[in-house]
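Asks: Got a sequence here, can you build the structure:
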Amino acid sequence: MSEQEQADIRLEFSRLKQDHADFDAAINAMIAVGCDPLQIQRMKKKKLSLKDRLKALEDRIIPDIIA
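Replies: Numbers count the residues shown, from 1 in each chain. Below is the predicted model:
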């Protein structure tokens, strides 16, 4: 993988990590205000999807180490 590709992946990783934190804050605010539980559940699913994408990018960044 080239250095440019790694830099792009790291940039995307940072952006998604910030989005994940933003979703977390939004969910907590929605819970505090008493929003519709269905809407909160949808936000949690989106947050989980971001977490899955973060894990996939992290796997691409960190090479496998053969034991």
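
Asks: Looks like Phe13 contacts Lys55 (just checking).
Replies: No: counting by C-beta atoms under 8 Å, Phe13 stays clear of Lys55, with 10.2 Å between them. Using the backbone N, CA and C atoms, a C-beta is placed for each residue, glycine as well.

Asks: For those two, indicate the residue with more neighbours.
Replies: Neighbours around Phe13 and Lys55, counted as other C-beta atoms under 10 Å, are more numerous at Phe13. The numbers are 17 against 10.

Asks: OK, contacts around that one?
Replies: Counting by C-beta atoms under 8 Å, 6 or more residues apart in numbering, Phe13 makes contact with Leu54, Leu57, Glu58, Ile61.

Asks: for this structure, longest helix please?
Replies: Assignment by DSSP state H gives helix 3-33 as the longest helix of the chain.

Asks: Just the mean pLDDT for that helix, thanks.
Replies: Regarding helix 3-33, the rounded mean pLDDT is 94.

Asks: tally of neighbours for the closest residue in space to Ile31 that isn't next to it in sequence?
Replies: For Ile31, ignoring the flanking residues on the chain, the nearest one in space by C-beta to C-beta, 6 or more residues apart in numbering is Ile40 at 6.3 Å. Residue neighbour count, defined by other C-beta under 10 Å, stands at 16 for Ile40.

Asks: close enough to count as contact, Ile40 and Ala32?
Replies: No: contact criterion C-beta under 8 Å: Ile40 and Ala32 do not qualify, at 10.8 Å.

Asks: Off-centre distance for the longest helix of the chain?
Replies: When distances are taken as C-alpha atoms, centre = their mean, to the nearest Å, helix 3-33 is centred 5 Å away from the chain's centroid.
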